[in-house]
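> Quick one: sequence plus predicted model below, questions after.
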Amino acid sequence: MKPGMLRATLTLLTGSVAAHVIPLVLGPALTRTYAPEAFGQFALLWAVATNMAVVGCARYEFALPLEASEPRAAQLMALCARILLAVTAASAAVGMVLHLGYAMPLAWMLPCAVLAGGAVQWLTMWATRSRRFGLLSAARLVQHGGGAILQLLLGAVTVGPMGLLVGAMTAMLGAGWILARPAPSGGWRAMWSQPMKDLKAMAQRHRDFPWLNTPHAFMGALQDTLALVLIAAWTGDAAAGFWALALRYLKAPATLIGGALSQTLYPSLLKAQSASEARALVRKTMAVLAGLACPLAIVLLLWGPGLFAMAFGERWTEAGVLASATALYIALHFIASPLAVVTMAWHAQAWALRLALIGQFVFFAGLLSGLALGGLVGAGWGVSASMLAYFAYYFWALANWKDIPHESAA
């Protein structure tokens, strides 16, 4: 790993550690404030919101680091803003369907959640483009740490999942406000006066992102949504709460370390001097991540149930049993999470989409067979077993990639 990339990663990691320590410390209080059923209801609606927010800008925001010119970057920002508003408006119809057709009482708040999530993702890439890693750290602290504090405070005055939803949503809006500085060339108001012909040209220039990366990202988020729907339908809201809590805390290291690393890995791959240098950077990144993931998996396998019961209360013991069952999957996901930017940098998004579709099938095959054979815990073991071969191939393919484009290694 290059010294500059290491320093940038450590800068992001410093803020990320503080951001994630707060939810981890407050987790036991949250699980004693909100019941598993409340976590399950919140997690289901939040998963739907995330599913829409992740494609809120049609993934055009991930093209921002590719634009060195400030006027062109401003055009791309204007394109992202318009698409995000359109997706937010469309989410209102989805919220109405969920509210009326599926008796989800908080679904009317879906547009606000989609707007908050989409804005943070968009503005995170805006800050990544200019390598404002200190600002990214501050925003992450507000989003994750502030969200947990608000959820706990709101839990004292609200009933059910409302406090969880409003706390998370408000914190994301605060993070977006931090990331919105500095403004694009010409200012934020100038975005709305950008000529439509320029926006169409920009959309055509980066068409691979909506055509190839958007389905990939949407399917990835849809996996979490459908998993919660299936678990809730099969075993109830409490089981969905166990699944949501377990994966929320077990995937926190991937969000913490992987998120910081991916934001520095992407521009570093784009600036690599040769294909061999880019490939070596990916291999070293995998090795570092694997060295961190293995101890995590061992701890979960040996002591998962006891740790969860001690940390979150006896009523969450089943979430600890699930943690042991999903230990292998969590370790593999931890390694894979920051590597998603590799196929973007190497213009391999079509390959990544095809492989992701296969991964979706493998994941749900393991989940459904596990649910049928052993309920919630069986689903955890089923996912771990089914995803092993998939991730093994994914890591091997990236480590031995041959067709690295010249502009990504020039």
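Received it, and whenever you're ready, just let me know what you need. Residues are numbered from 1 along each chain as shown.
> and A252, what does it touch?
Going by CB atoms under 8 Å, 6 or more residues apart in numbering, A252 touches 20, 23-24. (C-beta placed from N, C-alpha, C; glycine too.)
> Just the buried ones from these?
Buried by 16 or more other CB atoms under 10 Å: 20, 23, out of the contacts of A252.
> Report how many residues lie close to the nearest residue to Q151 once chain neighbours are set aside.
Distance criterion CB to CB, 6 or more residues apart in numbering; nearest residue to Q151, sequence neighbours excluded, is G167 at 3.4 Å. When counting by other CB atoms under 10 Å, one arrives at 23 neighbours for G167.
> Sticking with G167, tell me its helix or strand.
Assigned by DSSP states H and E, G167 belongs to helix 162-179.
> returning to what we had before: so of the contacts of A252, which ones are in helices?
20, 23-24 (DSSP state H).
> for the residues you listed, which one is nearest Q204?
Nearest to Q204 out of these is H20 (CB to CB; 39.3 Å).
> residue contacts, the residue nearest to Q151?
147-154.
> Next: L45.
Contacts of L45 by CB under 8 Å, 6+ apart are 98, 104, 106-107, 109-110, 113, 161, 165.
> Lowest-confidence entry in the ones in helices among the contacts of A252?
Of all the ones in helices among the contacts of A252, H20 carries the smallest pLDDT score, 72.
> my guess is that one meets H144, correct?
Yes: counting by CB atoms under 8 Å, H144 is a contact partner of H20 at 5.8 Å.
> rewinding a little: between the ones in helices among the contacts of A252, which sits nearest A275?
Scanning these for proximity to A275, where the rule is CB to CB, the winner is H20, at 34.8 Å.
> Tell me how far that closest one lies from L152.
In this view, H20 and L152 are 15 Å apart by CB to CB, to the nearest Å.
> re earlier: could you give the average pLDDT over the helix holding G167?
Helix 162-179 comes out at a mean pLDDT of 95.
> list the buried ones in it?
Per 16+ other CB under 10 Å, helix 162-179 contains these buried residues: 162-176, 178-179.
> Please apply the same query to stretch 398-406.
Within stretch 398-406, the residues scored as buried using 16+ other CB under 10 Å are 398, 401, 404.
> ok, of these, which one's closest to L265?
L398 (11.6 Å).
> Break the protein down into its domains, please.
What automatic domain parsing lists as the domains of the chain is 11-206, 207-410.
> Quick check: which ranges of the stretch 51-200 of the chain have low pLDDT?
For the stretch 51-200 of the chain, applying pLDDT under 70 flags the ranges 101-103.
> swap the cut-off to 80 and go again
100-105, 159, 185 (pLDDT under 80).
> mind listing the helices for it?
For the stretch 51-200 of the chain, the helices defined by DSSP state H, counting those that start in this stretch occupy 70-101, 110-129, 133-140, 147-155, 162-179, 196-205.
> and the angle for the second one with helix 162-179?
Just to be clear, that refers to helix 110-129. 30 degrees (axes from the mean of the first three to the mean of the last three CA atoms, to 10 degrees).
> picking up where we left off before, in CSV: the buried residues of stretch 398-406, plus pLDDT.
As requested, those are exported to CSV (pLDDT from 0 to 100):
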residue, pLDDT
L398, 96
W401, 94
I404, 85
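> Show me which of the residues you listed is closest to I231.
For those, the nearest to I231 is L398 (30.6 Å; CB to CB).
> Measure how far the helix or strand harbouring that closest one is from the centre of its chain, please.
Following DSSP H and E, one finds L398 within helix 349-399. Here the centre of helix 349-399 is set off from its chain's centre by 18 Å, with CA atoms, centre = their mean, to the nearest Å.
> which secondary structure elements does it contact?
helix 214-235, helix 237-250, helix 275-312, helix 317-325, helix 327-336, helix 340-345 (3 or more CB pairs under 8 Å, 6 or more residues apart in numbering; DSSP states H and E).
> got the CA positions of the shortest one in CSV?
In this case it means helix 340-345. Presented in CSV, the C-alpha positions along helix 340-345 are these (Å, rounded to 0.1, in the frame of the first residue of the first chain):
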residue,chain,number,x,y,z
ALA,A,340,-16.2,-3.2,-5.4
VAL,A,341,-14.4,0.0,-6.7
VAL,A,342,-11.8,-2.2,-8.5
THR,A,343,-14.1,-3.1,-11.3
MET,A,344,-15.2,0.5,-11.7
ALA,A,345,-11.5,1.6,-12.0
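> these two touch, right, A350 and P215?
No: with contact defined as CB under 8 Å, A350 does not reach P215; the gap is 10.3 Å.
> who has more neighbours, these two?
A side-by-side neighbour count of A350 and P215, using other CB under 10 Å, places P215 first with 17 against 14.
> who's in contact with the more buried one?
By CB under 8 Å, 6+ apart, P215 lies in contact with L353.
> show me what contacts V97?
Applying CB under 8 Å, 6+ apart, the residues near V97 are A107.
> close enough to count as contact, F312 and L26?
No: counting by CB under 8 Å, L26 is not a contact partner of F312; they are 11.2 Å apart.
> The two: which is more packed in?
Between F312 and L26, counted using other CB under 10 Å, the more crowded position is F312 (22 against 17).
> Which positions within stretch 105-123 qualify as buried?
Buried residues in stretch 105-123 (16+ other CB under 10 Å): 106-107, 109-123.
> Stretch 192-209 now?
Those would be 194, 198-199, 202-203, 205-206, 209, for stretch 192-209 by 16+ other CB under 10 Å.
> distance between the ends of it?
22 Å (CA to CA, to the nearest Å).
> Identify the residue nearest L357 in space, chain neighbours excluded?
Leaving aside its chain neighbours, L357 sits nearest to M219 (6.6 Å; criterion: CB to CB, 6+ apart).
> show me the contacts for the closest residue in space to M52 that isn't next to it in sequence.
Closest residue to M52 apart from its sequence neighbours, by CB to CB, 6+ apart: V114 at 4.7 Å. Neighbouring residues of V114 by CB under 8 Å, 6+ apart: 49, 52-53, 56, 87-88, 91.
> which of those residues lies closest to S137?
Using CB to CB, those come closest to S137 at A53, 21.3 Å.
> OK, contacts around the closest one?
Applying CB under 8 Å, 6+ apart, we find A53 in contact with 113-118, 121.
> before we move on, back to that, buried subset of the contacts of V114?
Among the contacts of V114, those classed as buried by 16+ other CB under 10 Å are 49, 52-53, 56, 87-88, 91.
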